[in-house]
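> give me a model of this one.
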Amino acid sequence: MHPRNRRIHVLSFVSLLTASLLPIPTVLAQSTSRQIGTQFEVTADSLVPRPAEQPCVVPLFANYQFAHFSQSTQTFEFTPPGNCAGPWEKVVLEADFSENGGVQFDRTASLYIANANLYFGTTPEPLATLTNTWHIERDVTDYSALFATPQQGTIVLANCTTDCPPPFNTTLNGVFTVNASLEFYPAQRGHGDDSNRGNDHRGQRAPDQVLPLTQTNGSGGINLPATLGSPTDQLSTTFTLPANTEQAYLDVVSQSQSTDEQWYGCFPNDLAGINDVYGCGNTDFRETEVAIDGKLAGIAPVSPWVFTGFLPDQWVPMPGAQTLDFVPYRVNLTPFAGLLSNGRPHTIALSVFNDDNFFSATASLLLFLDSRSTQVTGAVTKNTLTGPTPVVTENLQGTSTVTGTINVAVNRNFTIAGYVHTSHGKVTTTVSAQQNFSGTQTIDFDTVKATVLDQKTDVENSVSSATTVSGDEGTVVTQDNFSFPITVDFIFPVSSSPFGFTVTTGQKYQAGKAVSRGGHVIYATAVTNSVNATDVSPASSSQTYTSSDSDGTFYNCHIASANNILTTVSRGCSPDTDKDQAKDKDKD
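Sure thing, here's the model as predicted:
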């Protein structure tokens, strides 16, 4: 069922039963705040820090409703703020969602301007009788180049009610309502002007061009998420890029769907037949691969996002990490800038290694241009990136009952380097990265009944990279660290569970950056987002979101629930406190 064409198995029917099984809160009013004692959607995520000045607000659309497949793709017109011309110090996308009480699947939502993706996420499953609401906001300053002229925008949210295929046309009644706007904060003196070559330590200069990878599929020129059903499927676009391209990056989102929805629980193909929990093969290793003219140019780890349909009574009132708002992964393609500036067409493509049907993918190319030159020249001097070679180790015993472990490991190092001759001299960029992947499935399987009794999934994936840029201003080294492990314990049968099984899940997203010049750190930032949830009676969940940077900004929010009711909100979660702290810091 598009857009998350999941298999119709036991988990689909679990989704439909949840609304009637969850306890009904005693309050009657809806809320967008973290309100103890309610089931309303809540996360510990921080708001986007803003400058102290009042923004110019441009509404994108209001009260767009999504009830039928015919409404899945809706357009809007964007006009730049007439009283707030760029450059802008910050641009923030805000979106507010609501869903009436009832029964519905979780759905995928995405938003585009000029065919470039600004938002990608999923919706929660509805509450039984109350309207649920949630708020999304994202820093889209790096996409400022799109906002200089009027553009067409698109929001995609495929949903159905009476037009669903049977039997869901008589059971699904959840309707989504969405509002969205952009906030523009004018740049202060010294911020965002073109005299600044490249980024300063906070990346204040926005890219000069934003070019989406597109796959319109006969949709009247509207870009939709690409469907990648196998490892050979690609989202690709051929560009003839500006001849003065000095830096290039690719923002990537790859969302697992259908058979691959829980890719982190997949077995090797020789054991896929016993995997009745997840029903997928190709092991539990996935990655998004970026190619330029058919040659590997970068990788983006696939995030283990958990959607509220698995398992619904585990994810009320808080979803998994980033479930409502996926964080794109940025791939540095700057070593290829000299190649991309040679005036010839070049094809940039995405594919998913080990894809077992299917992934939804979107990507945008971000370009920084040498404004004092019409042509840069250069070359790629080194590229040791090759395809991964997962090592699979099966350690299983038994016949009627099979127990043991399945291990998958991928460890590799690679270096990509290149240079460009610019108006300010030769600039060399070297990206050295290390990937470490480890997946362990611990299983207890009844071969007679063809039933998994217990499957423990433990997947850890990390990528660390050091980017060294040497030019007329010296040498700057940026260290980036990404990790997003997940653990899942699926136990069946459980007679005390209304669904016959229980699930316990843990996630811990971590991302950090440190920028050094001359061996001294000039800027650093870090984010940790930890989520733990279980529907083992009594159901409980918690989330802790912490972010900090070397400018002194700090945020730490902890929330928890019991029996699907919010029970704990730490003092650091106050949105007003968060905004005030950000404004005070910007005034310093």
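
> report the residue spans of the stretch 201-350 of the chain with pLDDT below the cut-off.
Low-confidence regions of the stretch 201-350 of the chain, defined by pLDDT under 70, span residues 201-204, 216-220.

> tell me how many other residues crowd residue 436.
15 (other CB atoms under 10 Å). No exception for glycine: its C-beta is placed from N, CA and C like everyone else's.

> which elements pack onto the strand or helix carrying it?
Counting by DSSP states H and E, the element that carries residue 436 is strand 425-446. When contacts are defined as 3 or more CB pairs under 8 Å, 6 or more residues apart in numbering; DSSP states H and E, strand 425-446 packs onto strand 295-301, strand 401-422, strand 451-471.

> give me the most central residue, this structure.
residue 326 (2.4 Å; CA atoms, centre = their mean).

> so how far is residue 122 from that one?
Computed as CB to CB, to the nearest Å, the residue 326 to residue 122 distance reads 8 Å.

> now do residue 374
Distance from residue 374 to residue 122, by CB to CB: 44 Å.

> who's more crowded, the two?
Shown here are residue 374 and residue 122; by other CB under 10 Å, residue 122 has more neighbours (27 against 11).

> tell me the phi and psi of the more buried one?
phi -130, psi 170 (degrees, to the nearest 10).

> from residue 560, how far out is it?
Residue 122 is 22 Å from residue 560, by CB to CB.

> likewise residue 133?
Residue 133 is 20 Å from residue 560, by CB to CB.

> just the helices in the stretch 451-588 of the chain please.
575-587 (DSSP state H, counting those that start in this stretch).

> and the strands in it?
Secondary structure of the stretch 451-588 of the chain by DSSP state E, counting those that start in this stretch: the strands cover 451-471, 474-483, 486-491, 502-517, 520-534, 540-549, 554-562, 565-569.

> can you list those in TSV and add mean neighbour count?
Formatted as TSV, those follow (neighbours: other CB atoms under 10 Å):
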stretch	mean neighbour count
strand 451-471	18
strand 474-483	16
strand 486-491	21
strand 502-517	19
strand 520-534	17
strand 540-549	19
strand 554-562	18
strand 565-569	17
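
> in this structure residue 320 contacts residue 531, no?
Yes - taking contacts as CB atoms under 8 Å, residue 320 lies within contact range of residue 531: 5.4 Å.

> got any residues that touch both of these two?
Residues touching both residue 320 and residue 531 (CB atoms under 8 Å, 6 or more residues apart in numbering) are 505, 507.

> low-confidence ranges in the stretch 401-550 of the chain?
In the stretch 401-550 of the chain (pLDDT under 70), no residue qualifies.

> same question, the stretch 1-150 of the chain
Scanning the stretch 1-150 of the chain for pLDDT under 70 picks out the ranges 1-32.

> show me where it has its helices.
Remark: helices assigned in the stretch 1-150 of the chain by DSSP H, counting those that start in this stretch are 10-21.

> what are the ranges of the strands in it?
Under DSSP E, counting those that start in this stretch, the stretch 1-150 of the chain gives strands at 56-66, 73-78, 88-99, 108-113, 116-122, 132-139.

> closest one to residue 454 among those?
With CB to CB as the criterion, residue 454 lies closest to strand 116-122 of those, at 27.5 Å.

> what sits against residue 344?
residue 240.

> what's the distance between it and residue 87?
Using CB to CB, residue 344 is found at 31 Å from residue 87.

> and for residue 416?
31 Å.

> and the two? which has more neighbours close in?
Between residue 416 and residue 87, residue 416 has the larger neighbour count (other CB under 10 Å), namely 25 against 16.

> that one and residue 433: what is the separation?
Applying CB to CB to residue 416 and residue 433 gives a distance of 8 Å.

> burial measure for residue 129, as a count.
Residue 129 is flanked by 13 other residues according to other CB under 10 Å.

> oops, could you answer that again for residue 152 instead?
14.

> report the beta-bridge partner residues of it.
residue 77 (DSSP bridges).

> pretty sure it is touching residue 75, no?
Yes - Residue 152 is within contact range of residue 75, at 5.9 Å (criterion: CB under 8 Å).

> so what touches stretch 506-517?
201, 303-304, 306, 320-322, 327, 474-488, 521-533.

> please name the strands paired to the strand holding residue 436 in the sheet, noting orientation.
strand 401-422 (antiparallel), strand 451-471 (antiparallel).

> in it, what counts as buried?
For strand 425-446, burial by neighbour count (16 or more other CB atoms under 10 Å) applies to 427-433, 435, 437-445.

> rewinding a little: where do the contact lists of residue 326 and residue 122 overlap?
The contact sets of residue 326 and residue 122 overlap at residue 305 (CB under 8 Å, 6+ apart).

> the strand or helix carrying residue 378 packs against which elements?
Assigned by DSSP H and E, residue 378 belongs to strand 377-383. Secondary-structure packing of strand 377-383 (3+ CB pairs under 8 Å, 6+ apart): strand 295-301, helix 337-340, strand 401-422.

> just the C-alphas of that strand, formatted as PDB.
Presented in PDB, the C-alpha positions along strand 377-383 are these (Å, rounded to 0.1, in the frame of the first residue of the first chain):
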ATOM      1  CA  THR A 377      40.400  23.500 -13.300                       C
ATOM      2  CA  GLY A 378      41.500  20.400 -11.300                       C
ATOM      3  CA  ALA A 379      41.400  16.700 -11.000                       C
ATOM      4  CA  VAL A 380      40.800  13.700  -8.800                       C
ATOM      5  CA  THR A 381      44.100  12.500  -7.600                       C
ATOM      6  CA  LYS A 382      43.100   9.500  -5.500                       C
ATOM      7  CA  ASN A 383      40.000   7.300  -4.900                       C
END
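
> from now on call the first residue 51
Will do, 51 is the new start, and the previous item becomes strand 427-433.

> circling back to that earlier point, turn the strands of the stretch 51-200 of the chain into CSV, columns for distance to residue 320.
Output for the strands of the stretch 51-200 of the chain, formatted as CSV (distance: least, CB to CB, whole Å):
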stretch, distance to residue 320
strand 106-116, 42
strand 123-128, 41
strand 138-149, 42
strand 158-163, 32
strand 166-172, 32
strand 182-189, 42
